[in-house]
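> kindly generate the corresponding structure for this input.
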Amino acid sequence: MELKPLTPQDYPDYKKYFKKQPYHLCAYSLSSIIAWQNSDYQAMAGIWKDTLIIAAEFRNNKSKRHLILPIAPPDVFPPEQLARIAEDLDYGEYWFVPQSYLDIHGRDKVEAYFDVEHHQGYDDYIYLTSDLTDLKGNKYSKKRNLIKQFERKYIETNQVELGPITANNLEECLEFLEKWCEERDCDANPEDDLACEKIAAINTLINMELYEVNTLMLRIDGVVSAFGVSAYLTSQMATLQYEKAYDKIKGLYQYFDNQCAKRLFNGYTYINKESDMGVEGLAKAKKSYHPIHIIESFRLIRK
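Purely as a prediction, here's the structure:
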């Protein structure tokens, strides 16, 4: 089997493998797999016995080379088969292995072939869509208060415009992303997750129609001040791949997050807000929305 670089043009051919894929980590969203590429990292793919094999190659840090779990729904490959595939392809690790895989096969059986390590910073936060649309109860009272403050100042005075990202406003959204990243010094280290995420977001927006993602952007007084992108993961769960809003505008993030839940996740029971990438502030923000579950992510290191 030969692995070839994944490109946006591969999306239509490979999306059928993801329609019923069983894993709930955001790493198993095809649009995300293709978009998260940069000068150091390249996703690779190949077909083996009606199974999609995906690997990650790194130009500068070869120790990061890895596979993710094979995509062959409804099959979930046992650990002995994972070990054979990794050996045949000369990869030492699988990344983004959800707890559910260990539960299905038993940790003892997995550990007969792999060392199992928690992948710190890459656990995904899962929410009920209804929790984030309704914001009911005392635990969301601060969120509701901030939303009301934002509505009084900006909504009631007709200063806000909401709508999908289109070819006509794409350039404005990219300019907003650049300013948002400048505030956080995203580009300080090009190998940092924030810098990589910026490139992934740009790749996704440029190919948003091809990737079939859902989008939302918000203007205040005609200026783009927030945008969000969601993507299919399973029949019951979609991911909030990107959600950016200016911090300096009080209540904007809370208002926009609520609008994303209402507008981007119709028909989905669950929202996957992805990982916190080990960023303390991001972890705090995600926990403040009271996830119903945190899906642990593991590395399997071939023995």
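
> low pLDDT regions in this structure?
191 (pLDDT under 70).

> quick check: domain ranges of it?
4-123, 125-291 (automatic domain parsing).

> mind putting the ones you listed in TSV, distance to residue 301 and mean neighbour count included?
To be clear about C-beta, it is placed using only N, CA and C from the backbone, and glycine gets the same treatment. Listed next are these as TSV, based on distance: least, C-beta to C-beta, whole Å; neighbours: other C-beta atoms under 10 Å:
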stretch	distance to residue 301	mean neighbour count
domain 4-123	4	17
domain 125-291	19	17
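
> among those, which is nearest residue 300?
domain 4-123 (3.9 Å; C-beta to C-beta).

> chain center to the closest one: distance?
Mean-position distance between domain 4-123 and its chain equals 15 Å (C-alpha atoms, centre = their mean, to the nearest Å).

> could you measure from the spatially closest residue to residue 283 that is not a sequence neighbour over to residue 16?
Sequence neighbours aside, residue 276 is the residue nearest to residue 283 in space, at 3.9 Å (criterion: C-beta to C-beta, 6 or more residues apart in numbering). Distance, residue 276 to residue 16, by C-beta to C-beta, to the nearest Å: 31 Å.

> what do you get for residue 288?
Counting by C-beta to C-beta, the gap from residue 288 to residue 16 is 38 Å.

> sec struct for residue 177, please.
helix (DSSP: H, G, I helix; E, B strand; the rest coil).

> give the contact list for it.
198, 201, 202, 205, 227, 244 (C-beta atoms under 8 Å, 6 or more residues apart in numbering).

> mind putting those into a markdown table with secondary structure and distance to residue 124?
Converted to a markdown table, these look like this (DSSP: H, G, I helix; E, B strand; the rest coil; distance: C-beta to C-beta, whole Å):
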| residue | secondary structure | distance to residue 124 |
| --- | --- | --- |
| 198 | helix | 20 |
| 201 | helix | 18 |
| 202 | helix | 22 |
| 205 | helix | 22 |
| 227 | strand | 21 |
| 244 | strand | 19 |
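
> farthest-apart pair in those residues, please.
198 and 227 (12.9 Å).

> tell me the residue furthest from the middle of this protein?
residue 157 (34.3 Å; C-alpha atoms, centre = their mean).

> phi and psi next, for residue 89.
Torsion angles at residue 89 (phi, psi; degrees, to the nearest 10) stand at phi -90, psi 0.

> try residue 184
Per degrees, to the nearest 10, the backbone of residue 184 is at phi -110, psi 0.

> how near is residue 149 to residue 278?
For residue 149 relative to residue 278 (C-beta to C-beta), the value is 31 Å.

> ignore the last one, residue 194
11 Å.

> re the thing from before, in CSV: the contacts of residue 177, plus distance to residue 57.
Shown next, in CSV, are the contacts of residue 177 (distance: C-beta to C-beta, whole Å):
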residue, distance to residue 57
198, 21
201, 22
202, 21
205, 24
227, 30
244, 28
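
> of the residues you listed, closest to residue 78?
When the contacts of residue 177 are compared against residue 78 (criterion: C-beta to C-beta), the nearest one is residue 201, at 36.2 Å.

> got the contact list for the residue nearest in space to the middle of the chain?
Closest to where the C-alpha atoms of the chain average out (C-alpha atoms, centre = their mean) is residue 241, at 4.1 Å. By C-beta under 8 Å, 6+ apart, the residues touching residue 241 are 26, 29, 31, 32, 201, 204, 213, 229, 230, 231, 274.
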